[in-house]
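Engineer: got a sequence here, can you build the structure:
(one chain, ligands or ions: 2)
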Amino acid sequence: MKRILTGIQSSGKPHLGNVLGAILPAVELSKKADNECFFFIADLHSLTTIKDAEDRKNNVYSVAAAWLAFGFDTDSNFFYRQSRIPQVCELTWYTSCFMPFSRLSLAHSFKDKADRLEDVNAGLFLYPVLMSSDILLYDAEVVPVGKDQKQHLEITRELARRINHHYKTELFVIPEIKLDEKVMIIPGTDGQKMSKSYNNYIDIFKPKKQLKKDVMKIVTDTKALEDPKDPDTCNVFQLYATVASPEQIEEMAANYRAGNYGYGHAKTALFELLWTKFEKEREQYDYYMNNLDEVDRLLSIGEDRARETAVKVLDRVRKTLGFS
Ligand code: ADP
Ligand code: TRP
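Structural biologist: Ligands and ions are numbered 1, 2, ... in the order given. Prediction:
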């Protein structure tokens, strides 16, 4: 049995890119009987950028509802809010005292955020240490992440090794990085990577009219209805291809090449596919968003179970460091 752990920042409502790139592959992984999955909502990390309390609560619920809607089985796994197991903050203090300042100041994601954001706070700087604690506090063995998180995982491994070496004991499990190379980058409505930060995302949980409006806004070139079109350079087609069956993809590609098939037709087909494909998940999502007590209940059960591991590991750490 492998203990798999990953976190999802609650920085907004999950979009199609998050669903296809993160939620679905992780739920698939959790269905393998010999895996034990710790999937949590990284709400403490979200404080580095989101300061509004109501926004934070709503984001936590919509991220949780999306995971539940896509069938994450919270009975056989561990589903929790990072902040409800505050032992992670204590561990962060301990480990930060072993973290060379110079290593953190070289982290790509910190440098990138420091260049872009107005609010360059110390939490952003310590972000990778809190992330290390997320992993080390639960003795995680495998951590699946996107490429952008690879350096944070390398920092975690180095830090765990450094502390183990210092105390000459296997205090921390060294986590294995599982990079999801094959997960495709879902394009946004403007052709760039779909992202909350570029405001180019498709929210599959929106009501019908709004979803249609968003799909109709996808940027295309200005070829006339009768012109043959190139599917490979068209955002509508690229998005369609991420959710359609091979036959549907082939049919739309043939329509593009033949001409007399406008972008309006393609957008309508994409909208209809998104609407029908995610019908069950949308209903489930709405159900959970209308029953937040149920979401709280499921999370609390997960938190009680996850806390047992956290308490044990932290106890081991305190003893090793001479705090008990
Ligand atoms: P965003 O860019 O919208 O802020 P996050 O950085 O919060 O998204 O990503 C959350 C998860 O969703 C990560 O695992 C990330 O790899 C995945 N993800 C985000 N955008 C995409 C995308 N366009 N295509 C595929 N996966 C994505
Ligand atoms: N930083 C990750 C992201 O933005 C989220 C995250 C927080 C995480 N703690 C983690 C991922 C621990 C894996 C393991 O996507």
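Engineer: model confidence for residue 196, exactly?
Structural biologist: For residue 196, the pLDDT comes out at 88.
Engineer: so the nearest residue to it once chain neighbours are set aside is in which element?
Structural biologist: Leaving aside its chain neighbours, residue 196 sits nearest to residue 12 (4.5 Å; criterion: C-beta to C-beta, 6 or more residues apart in numbering). The way it works is simple: take the backbone N, C-alpha and C, and place the C-beta from them, glycine included. When elements are assigned from DSSP states H and E, residue 12 belongs to no helix and no strand.
Engineer: what do you get for the one 5 residues further on?
Structural biologist: Taking DSSP H and E as the criterion, the element that holds residue 17 is helix 16-18.
Engineer: now residue 119
Structural biologist: Using DSSP H and E, residue 119 sits in no helix or strand.
Engineer: do the one 10 residues further on as well
Structural biologist: In this assignment (DSSP H and E), residue 129 forms part of helix 122-136.
Engineer: that helix near ligand 1 at all?
Structural biologist: No. Shown here: helix 122-136 not in contact with ligand 1 (C-beta under 6 Å from any ligand atom), separated by at least 12.6 Å.
Engineer: which helices and strands does the following helix or strand past that helix pack with?
Structural biologist: Remark: after helix 122-136, the chain's next helix or strand is strand 142-145, criterion DSSP H and E. Strand 142-145 is packed against strand 2-9, helix 24-30, helix 150-167, strand 176-179, with contacts defined by 3 or more C-beta pairs under 8 Å, 6 or more residues apart in numbering; DSSP states H and E.
Engineer: follow-up on the earlier one: what mean pLDDT does the helix holding residue 129 get?
Structural biologist: According to the model, helix 122-136 has a mean pLDDT of 97.
Engineer: how far off centre is that helix?
Structural biologist: Put simply, helix 122-136 sits 16 Å off its chain's centre (C-alpha atoms, centre = their mean, to the nearest Å).
Engineer: same question, stretch 240-259
Structural biologist: Distance of stretch 240-259 from its chain centroid, counting by C-alpha atoms, centre = their mean, is 28 Å.
Engineer: in it, which residues are buried?
Structural biologist: Within stretch 240-259, the residues scored as buried using 16 or more other C-beta atoms under 10 Å are 240, 241, 242, 243, 244, 249, 252, 253, 255, 256.
Engineer: which members of those are the farthest-apart pair?
Structural biologist: Within the buried residues of stretch 240-259, two members stand farthest from each other by C-beta to C-beta: 242 and 255, at 17.6 Å.
Engineer: just give me how far stretch 268-277 sits from the chain centre.
Structural biologist: 24 Å.
Engineer: any chance you could list what contacts it?
Structural biologist: Residues from elsewhere that reach stretch 268-277 (C-beta atoms under 8 Å, 6 or more residues apart in numbering): 16, 202, 204, 208, 211-212, 215-216, 218, 236, 239-240, 243-244, 248, 252.
Engineer: show me what counts as buried in that stretch.
Structural biologist: 269, 270, 271, 273, 274.
Engineer: hmm, back to that, what's the closest of the helices and strands packed on strand 142-145 to residue 42?
Structural biologist: strand 2-9 (4.0 Å).
Engineer: quick one: contacts for the residue in the chain positioned nearest to ligand 2?
Structural biologist: Closest approach between the chain and ligand 2, counting by C-beta to the nearest ligand atom: residue 7, at 3.0 Å. Listed by C-beta under 8 Å, 6+ apart, the contact set of residue 7 reads 39, 40, 41, 42, 45, 82, 131, 134.
Engineer: hmm, back to that, how about the residue nearest to residue 196, what does it touch?
Structural biologist: Counted by C-beta under 8 Å, 6+ apart, residue 12 has contacts 59, 62, 196.
Engineer: now check stretch 183-197, is it near ligand 1?
Structural biologist: Yes. Residues of stretch 183-197 contacting ligand 1 under C-beta under 6 Å from any ligand atom: 185, 186, 193, 194, 195, 196, 197.
Engineer: and that stretch, C-alpha only, in PDB?
Structural biologist: Extracted in PDB, the C-alpha atoms of stretch 183-197 (Å, rounded to 0.1, in the frame of the first residue of the first chain):
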ATOM      1  CA  VAL A 183      -1.600  15.400 -18.200                       C
ATOM      2  CA  MET A 184      -2.200  17.800 -20.900                       C
ATOM      3  CA  ILE A 185      -2.400  21.600 -20.500                       C
ATOM      4  CA  ILE A 186      -5.900  22.600 -21.100                       C
ATOM      5  CA  PRO A 187      -6.100  25.800 -23.200                       C
ATOM      6  CA  GLY A 188      -8.200  28.700 -22.100                       C
ATOM      7  CA  THR A 189     -10.800  30.700 -24.200                       C
ATOM      8  CA  ASP A 190      -7.900  32.800 -25.500                       C
ATOM      9  CA  GLY A 191      -5.600  29.900 -26.400                       C
ATOM     10  CA  GLN A 192      -3.100  30.500 -23.400                       C
ATOM     11  CA  LYS A 193      -3.100  27.900 -20.600                       C
ATOM     12  CA  MET A 194      -6.500  28.000 -18.800                       C
ATOM     13  CA  SER A 195      -6.000  29.700 -15.500                       C
ATOM     14  CA  LYS A 196      -7.800  31.700 -12.900                       C
ATOM     15  CA  SER A 197      -5.100  34.300 -13.200                       C
END
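Engineer: okay then, goodbye and thanks.
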